Structure formats: structure tokens, C-alpha cells
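Asker: Based on what follows, work out the 3D shape:
(chains A and B)
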Amino acid sequence: MAKTKDIKKLIIDGYIDQALVNEKKPQNIYLFCKDIGIEEREFYEHYTSMDTIEEDIWLQYFNSTIDKLSKEEAYKEYSSREKLLAFYYTFIEELKERRSFVIKMIKSKYMFGPLSSSLSKFREEFNEYIKDLISEGVKTGEIEERHLLTDKYYLVFWTEFIFLLDFWKEDKSDKFEKTDVAIEKAANLSFDLMSRNPLDTAFDLGKFIFQSKFGK
Amino acid sequence: MKEQSSIPTGKVQRATRFLKTGVKVGGNFVKHYSKKLVNPETDRTELDASNAEDIYQSLSELKGSALKVAQMMSMDKNILPTAYQEKFTMAQYSAPPLSYPLVVKTFQTYFKKSPEELFDSFTKNAVNAASIGQVHQATVNGQKLAVKIQYPGVANSISSDLKIVRPFAKALFNISEADLKHYLKEVEERLLEETDYELELKRSREITEACNHIKRLIFPRYHPEFSSARILTMDWLDGHHIKEYINTHPSQEERDAIGQALWDFYDYQIHVLHQVHADPHPGNFLFLKDGNVGVLDFGCVKVIPKKFYKRYFLMHDIDFVKDEDQLKELLFELSFLNKNDSEKETNFFYTIFKEMIDLLGQPFHNEYFDFSDETFFEQVYELGERISKMKEVRQSKSARGPQHGLYINRTFFGLYHILNELKAKVHTGKTNRKMVN
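Answerer: Numbering: from 1, shown residues only, chains lettered A, B, ... in the order given. Here you go, the predicted structure:
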């Protein structure tokens, strides 16, 4: 088991190293395996193609973020809003370890499109996590249950996440302080919009008028 | 208290914030004048009160340096109508907090540990808001600690904040463009220093060690092991703020003793240490049960340059200021008077400054001074009011007075104000000044 893990690590480290040193992601699996000194067979035990490596790297970032959060005592008592904030801060912190490589990954043109294949697995996990947060928020009354809409909230968070990633990529402030402020703002805006706000009251009035006039 | 999610950092956002205030203040004026049409008796107090309310609202949302400016303005009692003062004094006690995950994140960044790992206990919510940060309470080995955490991005937003405050402050406080520039440059320097918690830690320890011998004064111990560029930790002091303290009806002897301690503290800093805790607003003093007074927050320290020191404090010397020629020369050197002024202007400003020196210098010109003397304070406010209304002063193109004097004056105003609230009689003739000269 230990050996399996070592090979996986070898592949990922080698992949990142080559991508950074050669300014280009390794393409040829045979050459790549030769360079890092493993059998091609061993490569296929873990990955089916070069693209799946990147997919896995993102997933690892997600998993280690969740892992760290679950170890924090305070996290369990957080409100949904605070949990989301903590997630973002921890995640960005994870990325910092390998900032140049991450920026290289983000710069790929298919980041936003439906082809964002390297993020696909990450995205699935992220969505699951967010959906949990939302249903928790609905239970505690932090998030307003809105018919049909509530099920789509998680899409908003994906956009928010991509925005923050992009912001961090461009951030040149000391210790990336501006990203901290951006996270604080973005997360709070999304939660303010999802909690009960004047729009709900307006909708309520609109519905009432509609029903009284036409609903008979 | 509703948690405020973020500081509007962008210049545009902040400008919008101020613009909103501008509109509201404008609205208040409209209200005021329409009321006046109906009822000519309506006086400006009501208008000032609603303006102050709106201005305070936007300032507290801005936090950071804007809040700091509000605090400063609230200190200079003489340039503020009463309604503004009361609202702004509130700024000295509260502003909405930042989220807890960000607090945790800040600890992670500087200590690689969460607050729970670092301390035995740590309050999740801020117990108090400092102008550029918030204070949490923690305990370690049974010792209560105050942990101050700075808002991220404050240091970067100071310059852009002050640029926005400028036109606004100018209109509101009737200060000439030249004065304001002068003023804000010095303010900016101090504010930038204030965001440097490492500097604050160093100065706190220096000054508190040097002043430890002064009776009745207590300083919290600082904890470098729990401090960093954005986090500052000190012992927690339990005590009353001045208003609550006064309500406990302390005896005259008590009040005199505490007043004396504060006076000696400032005298020693200025004349011996040549650097002074320049933020004597009421929130920074705690009155403890054992009769001592605790001094907090060495974020704002004014270092007094030698050259400036020698000249400036001559104004406290009653024999020196009696001699008109000597005083005039000094006023030129300190740029209260300008070589470019016409003779008429020179005479005009000389008369004003002489009056100010005689009045504000009174505590220094006597052996004992009774700060409960309301007529003295009324005279000071009256003079301030009168001067700010003089068209010669308002139209003066050049700033008058040395820039270093700004924080020194503010310090004395703050000190006078506190001694006045204490109604303390102080032995002011006992000074370290002569020893140094």
C-alpha cells in the first residue's frame, strides 16, 4: 500500500516539476515514465491519461482542505456562512504551496467552458459539499427556502469559487490580503442574498396581489 | 450587533459611501430649512444631530482610517459642534466585527496555529472594536488576555481613504485647503505607523518600562510570543471607562491623585522620553478597582524631534512669552507667522496666537491648576469657535503652525479634557521641562 502511494506521489511530483521546468505539460506517457523512473504499467495502475493527473491534483486539494477543516474544533460549530468562509480560506492556503503550478493550471483556456475537464471531479465534490452546506443552512434558518430556486443555489457558488480563484491568481498584495477581503465580501454577499431579504417580501406582496386579482 | 461582512476597500465603493452621506446630509439641510419655514425657532442643533448620525453611520461602515479620522475629529472638541462630538465619541467604542474564520486564518498565517491551539480559551466574537482592528479575549494559564487583530488591507487603504475624506472634511469642519493638507500628511504618517503592530509592541514596551515608576499608573504586560505584524496581545485589564468611574463618585483626593498621575505621565513622556502616547481619548484609559489607572494602546505615538522640542515648549514658559519681540521671533521660527505675510496679517495673527498661548498655556503658567474650572474650558471653546469663524483665518492660504504640533496639541486637548471630566486639581508646576533645557 505504501508503495502504491509512493508511485502516485512520484507521478504527481514529476508531472508538476516537468510542467513548470519545461513550461509545458508532459504529453508522452512513455517518455514521462522513463524520466521519473517507473514502468508504464505502474502509471496505468493509477491514471489512464495525462489529463487525469491534473484532475486528481485538484481533487487532492479539495480532500486535504476538507481534512484540515474537519480537524478544526471550531469548524463544527460554525454557521453555514462561516463554514464556507473557512473552506475558502483553507483552500486558498492549500493552493499557496504550489502557487506557480496552480496558476499555470488556471491559465488553461478551458477553465470556464464545459470542457473544464481537469476540474470535473473537483467540481462534483465541491457541489456535494456546497449542497450539504445549503441544506444545513436551510435547516437552521440561515438560508431562506425558495421554491425551485434553492436547488440551484449551488451553481452560484461555483461561479463564486471560480471568481475567487481568478482573483487570487491576479492578487499581488502582501500575503494575498486582498484575496482575504474578496473572500469575505463574496461569501457574505452570497449568504445575504440567500437569507431572507427585501426581495422575499416584495415577491410575497406580488404573489398576494396576483392571487387576489387573478387567482379567483 | 450585526456582523459587518467586509470593508469596502475599492476607492469607488468608498467614494459611493461618502456620496450617499453627502446626499443624506443635503437632505437634512432641506429638512432643516423646510422646518424653519414653518417654524423659525428651529435651531441648528437638531440639524447637526441628524447630520452627525448619518456621517457616523457611513464612517462606521468604512472602518479603518475613516473611523480613525472620525475619532480624531471627535477629540478636537473645539472644532466640532456638540452634536457631532457625541456621535463621534461613539466611534471610539464600537464598529462591526469581521468574521471568525478570517480571524482563524490570520492566526494560521502568523503562528501556523489556530487561536484555540494557541490559547486555553478564545472568544469567538470580538469583545471590542479598535479602529483598525478588533479585540478578542483569551486566556492562558488563568491569565486573561486582550488580543487585538487587525483588519486585512487596512494599511493599503489609508492613502486612498484620506483622499476621499479630504473634500468632505474640508466642507464639514471649515478648514482651509492648506491646513487640511498639512494636517492629513501628518495624520497619514501616524496612521501608517499604527497599522504596524510590531512597532507598537516595541514602543509599548519601551514607554511602559520607562514610566513604570509613576505612581498609580498601570500598564498591561505585552506578549511578544502571541504578537505579530497583524496581531497584538497584552494582559486584559478589568476596569471602568471614565464616565462609569465618575458615576461611582470617587472622592476629590482620589480624583486629584489620578489626575496627577496622568499629568506626570504625559510630562515625563514629552520632556524626558521625547515620545508621547498621542491618543489620549477616553477609551484608552481604564479605572481599576484598586484606584490605579490603566493606560492602553500605544499605536499612536508621536516622536518629538529635538529641534522642534526646543522651540515649541518655550511657549509653556511664562517669562519667555511675556516678551513680545522674543515671542514674535519664535512664532516665525515655528511658522505660525510667515515671512510673506503683510504687516497687517502679522499683527492680526500675532494677536490671535498670543491669546491662544496665554489661554491654553494657563496650566503651565501656574503652580497648581484646577481642571474642574469650567470657565477655562468655555473660554477655550469660545476662542476656538471665534477663530474658526474669522474670515482671515479661513481664507489664509498658508497652513500655520508646525506639523509636529498637531499631535502634541491633540494630546494636550485630550489630556485637558480627561482632567476636566475628572475635575482634578493638579500640581502642574512640577515639570521635567527645566531639567532638560
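Asker: ok, now how distant is the residue of chain A found nearest chain B from A:Ala74?
Answerer: When scored by C-beta to the nearest C-beta, chain A has A:Asn188 as its residue closest to chain B, at 3.0 Å. C-beta: built from backbone N, CA, C; applies to glycine. Distance of A:Asn188 to A:Ala74, given as C-beta to C-beta, to the nearest Å: 19 Å.
Asker: Low-confidence ranges, chain A, go.
Answerer: Within chain A, the stretches falling below the threshold (pLDDT under 70) are A:1-5, A:108-116, A:215-216.
Asker: Burial check on B:Leu415, number of neighbours?
Answerer: Applying other C-beta atoms under 10 Å in any protein chain shown, we find 22 residues neighbouring B:Leu415.
Asker: Go ahead and confirm it touches B:Ala261.
Answerer: No: using C-beta atoms under 8 Å, B:Leu415 is not in contact with B:Ala261, being 11.7 Å away.
Asker: hey, what's in contact with both of those two?
Answerer: With contacts defined as C-beta atoms under 8 Å, 6 or more residues apart in numbering or on different chains, no residue is shared by B:Leu415 and B:Ala261.
Asker: Now the phi/psi pair for B:Ser114, please.
Answerer: Note on B:Ser114: its backbone torsions stand at phi -80, psi 160 [degrees, to the nearest 10].
Asker: Setting aside sequence neighbours, what's the nearest residue to it?
Answerer: In this structure, B:Ser114 finds its nearest non-sequential neighbour in B:Val104, 5.3 Å apart by C-beta to C-beta, 6 or more residues apart in numbering or on different chains.
Asker: Burial check on the one you found, number of neighbours?
Answerer: Close neighbours of B:Val104, defined as other C-beta under 10 Å, add up to 25.
Asker: Give me the residues contacting the host helix or strand of A:Asp13.
Answerer: Per DSSP states H and E: A:Asp13 is located in helix A:2-21. Residues from elsewhere that reach helix A:2-21 (C-beta under 8 Å, 6+ apart): A:25-26, A:32, A:35-38, A:42-43, A:45-47, A:50, A:53-54, A:56-57, A:60, A:98, A:100-101, A:104.
Asker: Could you do stretch B:201-215 as well?
Answerer: If you take C-beta under 8 Å, 6+ apart as the criterion, stretch B:201-215 is touched by B:217, B:219, B:222, B:224, B:227, B:232, B:234, B:261, B:264-265, B:268-269, B:272-273, B:275, B:277, B:295, B:298, B:301.
Asker: Just to be sure, which of these are found in strands?
Answerer: B:217, B:232, B:234, B:275, B:277, B:295, B:301 (DSSP state E).
Asker: Can you lay out those residues as JSON lines showing pLDDT?
Answerer: What follows is those, written out as JSON lines (pLDDT from 0 to 100):
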{"residue": "B:Leu217", "pLDDT": "93"}
{"residue": "B:Leu232", "pLDDT": "94"}
{"residue": "B:Met234", "pLDDT": "94"}
{"residue": "B:Gln275", "pLDDT": "93"}
{"residue": "B:His277", "pLDDT": "91"}
{"residue": "B:Val295", "pLDDT": "92"}
{"residue": "B:Val301", "pLDDT": "91"}
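Asker: In a markdown table: those, plus distance to chain A and neighbour count.
Answerer: Formatted as a markdown table, those follow (distance: C-beta to the nearest C-beta, whole Å; neighbours: other C-beta atoms under 10 Å in any protein chain shown):
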| residue | distance to chain A | neighbour count |
| --- | --- | --- |
| B:Leu217 | 36 | 19 |
| B:Leu232 | 17 | 27 |
| B:Met234 | 23 | 23 |
| B:Gln275 | 27 | 17 |
| B:His277 | 28 | 26 |
| B:Val295 | 30 | 23 |
| B:Val301 | 23 | 24 |
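Asker: ok, which pair from those residues is furthest apart?
Answerer: Spanning the widest gap among the ones in strands among the contacts of stretch B:201-215 are B:Leu217 and B:Leu232, at 20.0 Å by C-beta to C-beta.
Asker: For the residue of the stretch 251-400 of chain B found nearest chain A, give me its contacts.
Answerer: Of all residues in the stretch 251-400 of chain B, B:Gly299 sits closest to chain A, at 18.8 Å by C-beta to the nearest C-beta. Counting by C-beta under 8 Å, 6+ apart, B:Gly299 makes contact with B:130, B:132, B:193-194, B:200, B:279.
Asker: Would you quantify the distance from it to B:Gly133?
Answerer: Shown here: B:Gly299 relative to B:Gly133, a distance of 9 Å by C-beta to C-beta.
Asker: returning to that earlier point: after the helix holding A:Asp13, next one along is what?
Answerer: Going down the chain from helix A:2-21, the next helix or strand is helix A:29-36, by DSSP H and E.
Asker: okay, the angle between that next one and helix A:2-21?
Answerer: Interaxial angle of helix A:29-36 relative to helix A:2-21 (axes from the mean of the first three to the mean of the last three C-alpha atoms, to 10 degrees): 100 degrees.
Asker: Helix A:29-36: which residues count as buried?
Answerer: Going by neighbour count (16 or more other C-beta atoms under 10 Å in any protein chain shown), the buried part of helix A:29-36 is A:32-33, A:36.
Asker: Just to be sure, the residue of chain A closest to chain B is in a helix?
Answerer: Yes: counting by DSSP: H, G, I helix; E, B strand; the rest coil, one finds A:Asn188 located in a helix.
Asker: so it makes contact with A:Ser80?
Answerer: No: between A:Asn188 and A:Ser80 there is no contact under C-beta under 8 Å: 12.0 Å.
Asker: So these two - more neighbours on which side?
Answerer: Ranked by neighbour count (other C-beta under 10 Å), A:Asn188 and A:Ser80 place A:Ser80 first, with 22 against 18.
Asker: which residues touch the closest residue to that one other than its chain neighbours?
Answerer: Spatial nearest neighbour of A:Ser80, excluding adjacent residues (C-beta to C-beta, 6+ apart): A:Gly137 at 3.6 Å. Residues in contact with A:Gly137, defined by C-beta under 8 Å, 6+ apart, are A:79-81, A:143, A:191, A:194.
Asker: With B:Asn420 instead?
Answerer: If you count contacts by C-beta under 8 Å, 6+ apart, B:Asn420 has them with B:371-372, B:377.
Asker: quick check, nearest of these to B:Lys113?
Answerer: Nearest to B:Lys113, judged by C-beta to C-beta, of those is B:Phe371 at 47.2 Å.
Asker: got the contact list for that closest one?
Answerer: With contact taken as C-beta under 8 Å, 6+ apart, B:Phe371 is in contact with B:259, B:363, B:416, B:419-420, B:422-426.
Asker: and which of these is nearest chain A?
Answerer: Of all the contacts of B:Phe371, chain A sits closest to B:Tyr416, with 38.8 Å by C-beta to the nearest C-beta.
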